[in-house]
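**Student:** Any chance you could fold what I've pasted below:
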Amino acid sequence: MLASIILAGVLGSPFTEVNSTGNLYVFSTMGPWLEPDCRDSQSRSLDMAEILDGFSESAYCVSDGSFATALASARIELAPQGFTVMLDGGGETFEGGSEDVFSRHDINIWLEVAAAQDLRLQMNWSLVASGLASAMVQMQRMGDLDGENEFGQLAFEHTVSAYIDQIQLEGQDVIRVPQGRWMIRLNSTHQASAQDPGFESGAVWAGYNATSVPLGDVNGSGAVTVEDLLELLEVFGECEGCRADLDGNGQVDVTDLLQLLADWQN
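**Tutor:** Coordinates of the predicted model:
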């Protein structure tokens, strides 16, 4: 496994897929719970090809002027420049001639990837949720390339949880990803009920785009310039969590300065 990871790094791919697991569930129903007018559900496990290429599943009920819908789709796509994450889930309900109109979806994905060398990623991200819905996207270290699983450093973790009103979170981060194995994880859910005002629909959406930049690129612009140098010098010294702490040792020092100069205008 290690040989293939190193080869991928040499060829320019920052990440190589190692392992994965996942599952999805979509559910729509209407009418009495024990004897429904309509019920549609899909539940299955997801393999690596589906997670990398993307998947989509839906469940629909339409009967007697009522309807319930549920949708779940997602993918984690690895690219020569980094990775993207896309997530779309939710559903709608309407009570016409049927009672107990309800829909739900659940997505859970774990993709293990390997970084053959230290990386610095510039990441644009957005999370949106409305109704009764939530989502979480996370990247966490699993251990060394050929070591045992030992969960540790979080590269990032973002969570959104809505209660009727829409919530939108977004940002642009520069994250440090040292050599090793990492888990990219995402999950989402919604519940929609035509009987509960404000909860007739629920939806969640996520979009992430992470691009590899030089290790000395403090601000993540894609090139190391005087702006990076000025930011580094401004916070020189003890600086836990500073993005100018290029090696992650809790301080901005000469080692970080040397890395910046080695990547100058790359």
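**Student:** what's near enough to touch residue 21?
**Tutor:** With contact taken as C-beta atoms under 8 Å, 6 or more residues apart in numbering, residue 21 is in contact with 45, 46, 109, 110. Where C-beta positions appear, they are placed from N, C-alpha and C, glycine not excepted.
**Student:** which residues of the stretch 1-150 of the chain score low on pLDDT?
**Tutor:** 1-12 (pLDDT under 70).
**Student:** Just the buried ones from the contacts of residue 21, in ChimeraX syntax?
**Tutor:** Command for ChimeraX, covering only those of the contacts of residue 21 found buried under the criterion 16 or more other C-beta atoms under 10 Å:
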select :46,109,110
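**Student:** Show the contacting residues for residue 213.
**Tutor:** Here residue 213 is in contact with 120, 121, 122, 174, 220, 221, 222 (criterion: C-beta under 8 Å, 6+ apart).
**Student:** can you do 7 Å?
**Tutor:** 120, 122, 220, 222 (C-beta atoms under 7 Å, 6 or more residues apart in numbering).
**Student:** And the most far-flung residue of the chain relative to its centre, its phi and psi?
**Tutor:** The outermost residue of the chain relative to its centre, with distances by C-alpha atoms, centre = their mean, is residue 97 at 39.3 Å. The phi and psi torsions at residue 97 (degrees, to the nearest 10) take the values phi -90, psi 0.
**Student:** Let me know the distance separating it from residue 194.
**Tutor:** Note on residue 97: its distance to residue 194, by C-beta to C-beta, to the nearest Å, is 12 Å.
**Student:** and if you look at residue 144?
**Tutor:** For residue 144 relative to residue 194 (C-beta to C-beta), the value is 51 Å.
**Student:** Go through the contacts of residue 213 and give me the one with the most neighbours.
**Tutor:** With neighbours taken as other C-beta atoms under 10 Å, the top of those is residue 120, carrying 22 neighbours.
**Student:** Do I have it right that it meets residue 176?
**Tutor:** Yes. The pair residue 120 / residue 176 is scored as a contact, 5.9 Å apart, by C-beta atoms under 7 Å.
**Student:** what sits against the nearest residue to the residue farthest from the centre of the chain once chain neighbours are set aside?
**Tutor:** Spatial nearest neighbour of residue 97, chain neighbours left out: residue 64 (3.4 Å); criterion: C-beta to C-beta, 6 or more residues apart in numbering. Residues in contact with residue 64, defined by C-beta under 7 Å, 6+ apart, are 37, 96, 97, 98.
**Student:** And the helices in the protein, which stretches?
**Tutor:** 2-10, 48-53, 226-234, 254-262 (DSSP state H).
**Student:** mind listing what's buried in the second one?
**Tutor:** Along helix 48-53, these residues count as buried under the neighbour rule (16+ other C-beta under 10 Å): 48, 50, 51, 52.
**Student:** From these, pick the one nearest residue 138.
**Tutor:** Residue 138 lies nearest to residue 51 out of these, by C-beta to C-beta, at 14.9 Å.
**Student:** The closest one contacts residue 110, doesn't it?
**Tutor:** No. Under the criterion of C-beta under 7 Å, residue 51 is not in contact with residue 110, lying 8.7 Å apart.
**Student:** Give the residues shared as contacts by the two.
**Tutor:** Taking C-beta under 7 Å, 6+ apart as the contact rule, residue 51 and residue 110 both touch 20, 22.
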